[in-house]
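1. okay, sequence plus prediction incoming.
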Amino acid sequence: MKINWNYIKGFVLIALVLFLFGFTNLKNGDKKIVSLEVEFEQGDNLFMDYEMVNKLLIQNDATVKNKAKSLIDLNSLEEQVASHPMVEEATTYVTVDGRLKTKVRQRTPIGRINSGSASYYLDRQGIQMPLSKNYSARVPIVTGFSEADDTKMLFTLLKYIDEDDFLKKQIVGVHKENKNHFVLLTRVGNHEIDFGAVENLELKFKNLKAFYNYAMENEAIENYKRINLNYNNQVVCTKK
């Protein structure tokens, strides 16, 4: 019987590759974690610091540093970091040279709610986010809310403001007067804007911008105290 040496060579080559692959994985798994590195996506630590993230990188009540790579549960560590209320997304992985790296995207607040008994941020996904001792975000301060109030309408209003460059710079406060009536406070002119219900946002803010363009051109921006946006296609103002 004629022996097919090409077939045998191919089989031996595959077996050798599998052996080397398994041996490499075994040796790599035995390699220990030499350092923990945290990278914040925003470029700095903002609301969290490196120590806070390192405390989350604990496995079985012990640090993962100097542990074998094979003993590290990366999914568990990633979930622990991502579960922090200030974290929007986290990714954890181990490099070839034994560094455990964690990339963190922190939540982005669009408003700060002061309800009297509690203070917290509302982020760009509509999720509540605790305040931080490390950093205070420059976002509109929201008053008139209680813990029982639904934040859906407020989130819609804050999100619109946050996505508009002019409004983001100009609106510094939001006050809830009653169930469906909001008043906005401004940076320039210190105006009270009677916004009313969270509806027809595009039209109301279009009218507001038209008023500001007119008032600034005529150097009359400081003459007004209250701006009412509750009328269709017009802005009603009260002078100081």
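-> On my side now, so go ahead. Residues are numbered from 1 along each chain as shown.
2. alpha carbons only for contacts and neighbour counts from here, please
-> Will do.
3. please name the nearest non-neighbouring residue to the spatially most central residue of the chain.
-> Residue closest to the average C-alpha location in the chain (C-alpha atoms, centre = their mean): Arg107, at 1.9 Å. Nearest residue to Arg107 in three dimensions, chain neighbours excluded: Glu88, at 4.9 Å (C-alpha to C-alpha, 6 or more residues apart in numbering).
4. wait, doesn't that neighbour sit right on Lys103?
-> No. Shown here, Glu88 and Lys103 do not form a contact pair, counting by C-alpha atoms under 8 Å, at 11.0 Å.
5. about what we covered before: the residue nearest to Arg107 and Glu222, how far apart?
-> For Glu88, the distance to Glu222 (C-alpha to C-alpha, to the nearest Å) stands at 41 Å.
6. comparing the two, which residue is more hemmed in?
-> Taking other C-alpha atoms under 10 Å, Glu88 and Glu222 do not tie; Glu88 has more neighbours (17 against 14).
7. now whichever strand or helix holds Phe205: buried residues?
-> Using DSSP states H and E, Phe205 sits within helix 201-217. Neighbour counts over helix 201-217 (16 or more other C-alpha atoms under 10 Å) mark Leu201, Lys204, Phe205, Asn207, Leu208, Phe211 as buried.
8. how about that helix as CSV, C-alpha atoms only?
-> The C-alpha trace of helix 201-217 is given here as CSV (Å, rounded to 0.1, in the frame of the first residue of the first chain):
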residue,chain,number,x,y,z
LEU,A,201,-39.9,73.0,22.1
GLU,A,202,-38.5,73.8,18.6
LEU,A,203,-41.0,76.7,18.1
LYS,A,204,-40.6,78.1,21.6
PHE,A,205,-36.8,78.2,21.5
LYS,A,206,-36.8,79.5,17.9
ASN,A,207,-38.9,82.5,19.2
LEU,A,208,-36.6,82.9,22.1
LYS,A,209,-33.5,83.1,19.9
ALA,A,210,-35.2,85.6,17.6
PHE,A,211,-36.0,87.8,20.6
TYR,A,212,-32.4,87.7,21.8
ASN,A,213,-31.1,88.6,18.4
TYR,A,214,-33.4,91.6,18.3
ALA,A,215,-32.7,92.6,21.9
MET,A,216,-29.0,92.4,21.6
GLU,A,217,-28.9,94.4,18.3
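9. next helix or strand past it?
-> Sequence order places strand 224-228 as the next helix or strand after helix 201-217, per DSSP H and E.
10. with just CA atoms, put the following helix or strand past that following strand into PDB.
-> Once the chain leaves strand 224-228, the next helix or strand it forms, by DSSP H and E, is strand 236-239. This file holds the C-alpha atoms of strand 236-239, laid out as PDB (Å, rounded to 0.1, in the frame of the first residue of the first chain):
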ATOM      1  CA  VAL A 236     -44.300  88.600  25.500                       C
ATOM      2  CA  CYS A 237     -41.900  90.400  27.700                       C
ATOM      3  CA  THR A 238     -42.200  92.200  31.100                       C
ATOM      4  CA  LYS A 239     -39.800  95.100  31.600                       C
END
